[in-house]
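**Q** just coords:
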């Protein structure tokens, strides 16, 4: 995939190389995955093993599907004997288990004017420390703020890292229903005002963010709706916003090799009308659409139950992705895709953004 020809990347590149830099990056858990920090579900499973609110992991996961991650976190915390014990255990599950920081973080620091992160780890601070050791006068110097401690002064000149969900040192983090409500149900909270201000002023790039956090996504949807109304009132042009995400999110088809992970008898699926050939594949590649009809699949008597279950699960996965894409479009976030699960391409995109553009690109202003 040739990222140098991507128009969205060129737009962001031009903003990044203006002085002062003009991109805000929003960093999610995917950027800390290389540090072997557990993702949300694994962290809750680990905490539950300590405090034992749910008898089994199966029941915990079922409650996540029924309610939310934040509600499950609230339930687990209720079994902790006290706040100190809870925070001590929490730190164990949000501490990096591999390296202190990946090269991805260095690229993000070089790129960004403002960094907002929901991650609790201090990998950005570790990377800044390393940059300072190797270069006593680095180009990027950041002020670091954490939960509820935001100073908007100096935005025109200084760079900032904001830990909007708290950090590992204090373990005062946004995780439970109560903590989410304090942040996002209060229009006067530091985070609410910060995000509203940034999204109305800076092009924003989401990296490692899955948009599976319904609490935050709903908040951002409402915030962007308000921002658009204010902009329309004053005839103000708003910045563009982007996210780097796998092109699998946009996929509506499966390749032969992908179908073979479900069954060896592709002809049976064609005969039964479960799949149909599509034209989405690369030149010369045969691809298939799954007919989006779960109830129809259940009636297919010639397909065994395990295959039905696997195909229905795939359909539901694609449906969720389509809904996610619609949500992103509604918010006003464009997708910069990378290939399948090739996460190394995220860093290639960031490196492309960090390349100095031509003079014509620097002068480029999006419509």
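**A** Arrived safely, thanks for sending. It should be emphasised that the depicted structure is a prediction, and the values quoted were computed from it without experimental measurement.

**Q** can you give me the strands for the chain?
**A** In the chain, the strands defined using DSSP state E lie at 24-27, 114-117, 142-145, 159-163, 204-207, 241-246, 254-255, 275-278, 287-290, 333-338.

**Q** avg pLDDT for the last one?
**A** The one in question is strand 333-338. Averaged across strand 333-338, pLDDT comes to 94.

**Q** quick one: it to chain centroid distance?
**A** 11 Å (C-alpha atoms, centre = their mean, to the nearest Å).

**Q** check the second one too.
**A** If you compare the mean C-alpha spot of strand 114-117 with that of the full chain, they lie 13 Å apart, counting by C-alpha atoms, centre = their mean.

**Q** wait, residue 198 sits on residue 114?
**A** Yes. Between residue 198 and residue 114 there is a contact under C-beta atoms under 8 Å: 6.2 Å. Bear in mind the C-beta positions are built from the backbone N, C-alpha and C, glycine included.

**Q** which residues do these two both contact?
**A** Overlap of the contact sets of residue 198 and residue 114 (by C-beta atoms under 8 Å, 6 or more residues apart in numbering) consists of residue 24.

**Q** rewinding a little: looking at the strands of the chain, which is buried most?
**A** Most buried of the strands of the chain by mean neighbour count (mean count of other C-beta atoms under 10 Å) is strand 24-27; its value is a mean of 27.

**Q** what residues does it touch?
**A** Counting by C-beta under 8 Å, 6+ apart, 108, 111-119, 198-199, 202-209 sit against strand 24-27.

**Q** quick one: distance of that strand to the chain centre.
**A** Distance, centroid of strand 24-27 to centroid of chain: 10 Å (C-alpha atoms, centre = their mean).

**Q** who's in contact with stretch 41-49?
**A** 38, 54, 57, 60-61, 64, 69, 72-73, 76-77, 89-90, 92-94.

**Q** separate out the buried members of those.
**A** Listed as buried from these are 38, 54, 60, 64, 69, 72-73, 76-77, 89-90, 93-94; burial here means 16 or more other C-beta atoms under 10 Å.

**Q** looking at those residues, spot the one nearest residue 349.
**A** Taking C-beta to C-beta as the measure, residue 349 lies nearest residue 38 of the buried ones among the contacts of stretch 41-49, at 25.6 Å.

**Q** for burial, what's the neighbour tally of residue 285?
**A** Residue 285 has 11 neighbours, counted by other C-beta atoms under 10 Å.

**Q** residue contacts, it?
**A** By C-beta under 8 Å, 6+ apart, the neighbours of residue 285 are residue 255.

**Q** next: residue 6.
**A** 336, 352.

**Q** for it, give its distance to residue 338.
**A** Separation of residue 6 from residue 338 (C-beta to C-beta, to the nearest Å) stands at 11 Å.

**Q** pLDDT at residue 355, what is it?
**A** Residue 355 carries a pLDDT value of 90.

**Q** picking up where we left off before, out of the buried ones among the contacts of stretch 41-49, which comes closest to residue 175?
**A** Of all the buried ones among the contacts of stretch 41-49, residue 73 has the smallest distance to residue 175: 4.7 Å, by C-beta to C-beta.

**Q** ok, residues contacting stretch 123-142?
**A** So stretch 123-142 is contacted by 32, 35, 96, 100-102, 105-106, 108-110, 115, 117, 144, 158-161 (C-beta under 8 Å, 6+ apart).

**Q** which parts of that stretch are buried?
**A** Judged by neighbour count using 16+ other C-beta under 10 Å, the buried positions of stretch 123-142 are 123, 124, 125, 126, 127, 128, 131, 140, 142.

**Q** how about low-confidence regions in the stretch 251-367 of the chain?
**A** 279-284, 292, 294-295, 297-301, 358-367 (pLDDT under 70).

**Q** still on that earlier bit, what would the strands of the chain look like in JSON lines with distance to residue 303?
**A** Output for the strands of the chain, formatted as JSON lines (distance: least, C-beta to C-beta, whole Å):
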{"stretch": "strand 24-27", "distance to residue 303": "43"}
{"stretch": "strand 114-117", "distance to residue 303": "45"}
{"stretch": "strand 142-145", "distance to residue 303": "55"}
{"stretch": "strand 159-163", "distance to residue 303": "49"}
{"stretch": "strand 204-207", "distance to residue 303": "39"}
{"stretch": "strand 241-246", "distance to residue 303": "29"}
{"stretch": "strand 254-255", "distance to residue 303": "16"}
{"stretch": "strand 275-278", "distance to residue 303": "11"}
{"stretch": "strand 287-290", "distance to residue 303": "12"}
{"stretch": "strand 333-338", "distance to residue 303": "32"}
